[in-house]
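*Asks:* Generate coordinates for the sequence data below:
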Amino acid sequence: MGEADDHLEGNARTRVGDRRLAATPQTALLAWYARSARDLPWRRTRDAYRILVSEVMLQQTQVDRVLPFYQRFLGAFPDEHALASAASDTLHRAWKGLGYPSRADRLQAACRAVIAGGTGWPSTVEGLLELPGIGPYTAGAVACFAFGRAVPVVDTNVARVYARRDGLALPLAREAIWNHVAEQLERQQPVPYNNALMDLGATVCTARNPRCGVCPWQSLCVSRGQSERLAATANPLKAVATRKTYGDAIADRNRPHQRIVLALVHHDGRYLVARRRQDQHQGGLWELPGGKREPGEDDRTALARELLEEVAGELLAARALMSFAHDYGDRYLTFHVYRCRLFNPAGLSARASTALAWVTPREFLALAFPPANAAIAERIKRYHRLA
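*Replies:* Residues are numbered from 1 along each chain as shown. Predicted coordinates for the structure are as follows:
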């Protein structure tokens with residue numbers, strides 16, 4: 001490990017090596033970590049921005065894949081000011097290959113909020129949760145690894161370790177597992193302890209083929225040798241993940257329905273909305289560009305045509321965001337919403353509406369849309385983790 005590692009976690013190793021300490025599950029894990037810790041670049045810093053970058057990259061992406069991207073990304077955007085001022089296209093080019101590009105948008109939104117606040121990165125879980133796009137896990141990770149807060153950091157690896165060791169009942173309830181991990185936390189050494197838990201789950205107590213023979217907690221584990229239990233706890237958080245549905249259920253398949261495509265156009269952290277003309281149905285309300293898919297068109301072709309007709313926009317990319325149905329009584333409309341980028345976001349014009357506007361996610365939620373669009377607002381709130 002590097003010098004910064006020794007500075008940040010060396011004291012933990014010294015205390016663990018002291019034979020005068022009573023043996024506990026915590027000291028056993030820390031002793032194992034002192035011998036087996038992975039040398040990861042984000043463990044050599046207490047800089048909140050760099051730790052946040054690593055945590056966002058590691059969401060839904062394995063460590064080995066993140067490592068080269070992390071160093072390259074920080075070379076392009078060394079601090080929150082560089083990232084906050086980056087153009088959307090530049091940011092997404094740097095992120096390309098990691099997948100889930102919305103993570104980059106959320107990361108940039110958090111940086112912009114910190115700069116706008118003028119007081120630097122919040123050091124508590126509660127303060128970090130107020131930033132856009134930061135959920136409980138990321139807030140806990142940054143609070144702990146950047147500021148040394150003694151808070152639990154519960155990802156799938158950590159949940160798996162405790163579900164197996166302590167025989168926790170499945171499915172795991174989110175609040176219950178967080179409380180359980182908090183009770184077990186080594187509060188004097190939260191940084192190495194939380195890192196140790198993650199390493200244990202990632203390298204020893206793995207989802208498949210756990211290496212129980214080298215586990216520092218093998219004598220405590222109630223699941224050791226129980227193949228069915230080990231398989232059932234491979235991803236213990238998945239059991240509590242519920243798929244969110246939007247809109248109305250289609251109860252009458254014989255009723256006519258039309259397919260509508262909508263473009264959620266994004267640029268520099270804002271979304272494009274259009275205001276309906278007063279002579280239209282529900283005039284004066286806001287809407288997304290889009291319309292009916294014509295015979296012979298696929299969704300992308302219809303999106304490209306509607307954007308050109310309504311806002312003079314040239315479609316660059318489209319990625320499915322959500323689909324939902326709305327019951328109009330005599331028919332159903334099925335809406336298919338795509339996150340879109342345009343070649344010419346600065347050169348649009350209101351060809352089919354009274355006005356166009358670029359709005360932040362929070363501003364989007366405050367606008368008046370037709371009732372059928374309530375599902376979109378709900379999805380935006382969930383997508384950006386807005387209260």
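*Asks:* Report whether residue 271 is found in a helix, as I expect.
*Replies:* No. Counting by DSSP: H, G, I helix; E, B strand; the rest coil, residue 271 falls outside a helix, being strand.
*Asks:* what about it, how many neighbours?
*Replies:* A count of neighbours around residue 271, defined by other C-beta atoms under 10 Å, yields 20. Backbone N, C-alpha and C define where each C-beta goes, glycine included.
*Asks:* That one and residue 364 touch, don't they?
*Replies:* Yes. Between residue 271 and residue 364 there is a contact under C-beta atoms under 8 Å: 5.4 Å.
*Asks:* Mind giving me the packing neighbours of the top strand by length along the chain?
*Replies:* What stands out as the longest strand in the chain, according to DSSP state E, is strand 315-327. The elements that strand 315-327 packs onto, with contact taken as 3 or more C-beta pairs under 8 Å, 6 or more residues apart in numbering; DSSP states H and E, are strand 257-267, helix 299-311, strand 332-342, helix 374-383.
*Asks:* Return the distance of the first one from the chain's centre.
*Replies:* With C-alpha atoms, centre = their mean, to the nearest Å as the basis, the distance from the averaged C-alpha position of strand 257-267 to the chain average is 23 Å.
*Asks:* now the shortest one
*Replies:* Relative to the chain's own centre, helix 374-383 is displaced by 15 Å; criterion: C-alpha atoms, centre = their mean.
*Asks:* Just the buried positions in it, please.
*Replies:* Applying a neighbour-count criterion of 16 or more other C-beta atoms under 10 Å, one finds 375-376, 378-380, 383 buried in helix 374-383.
*Asks:* What strand or helix carries the closest residue to residue 28 other than its chain neighbours?
*Replies:* Among residues not flanking residue 28 along the chain, residue 216 sits closest, at 4.7 Å (C-beta to C-beta, 6 or more residues apart in numbering). Using DSSP states H and E, residue 216 sits within no helix or strand.
*Asks:* Which residues are in contact with residue 216?
*Replies:* Contacts for residue 216 (C-beta atoms under 8 Å, 6 or more residues apart in numbering) come out as 28-29, 31-32, 200.
*Asks:* swap the cut-off to 6 Å and go again
*Replies:* Counting by C-beta atoms under 6 Å, 6 or more residues apart in numbering, residue 216 touches 28-29, 32.
*Asks:* neighbour-wise, which of those leads?
*Replies:* Counting neighbours by other C-beta under 10 Å, the top entry in the contacts of residue 216 is residue 29, with 23 neighbours.
*Asks:* How far off centre is the longest strand of the chain?
*Replies:* Distance, centroid of strand 315-327 to centroid of chain: 19 Å (C-alpha atoms, centre = their mean).
*Asks:* Also stretch 357-366?
*Replies:* Mean-position distance between stretch 357-366 and its chain equals 20 Å (C-alpha atoms, centre = their mean).
*Asks:* One more: stretch 178-195?
*Replies:* 23 Å.
*Asks:* which parts of the longest strand of the chain are buried?
*Replies:* Under 16+ other C-beta under 10 Å, the buried positions of strand 315-327 are 315, 318, 321-322, 324-327.
*Asks:* Kindly report the same for stretch 176-186.
*Replies:* Buried residues in stretch 176-186, counting neighbours by 16+ other C-beta under 10 Å, are found at 177-178, 180-181, 184-186.
*Asks:* Kindly report the same for stretch 23-42.
*Replies:* Buried, per 16+ other C-beta under 10 Å, within stretch 23-42: 26-34, 37, 40-42.
*Asks:* Next, the distance between the ends of that stretch.
*Replies:* 29 Å (C-alpha to C-alpha, to the nearest Å).
*Asks:* Any idea how many residues pack against residue 107?
*Replies:* Around residue 107 there are 27 residues (other C-beta under 10 Å).
*Asks:* can you check residue 93 too?
*Replies:* With other C-beta under 10 Å as criterion, residue 93 counts 12.
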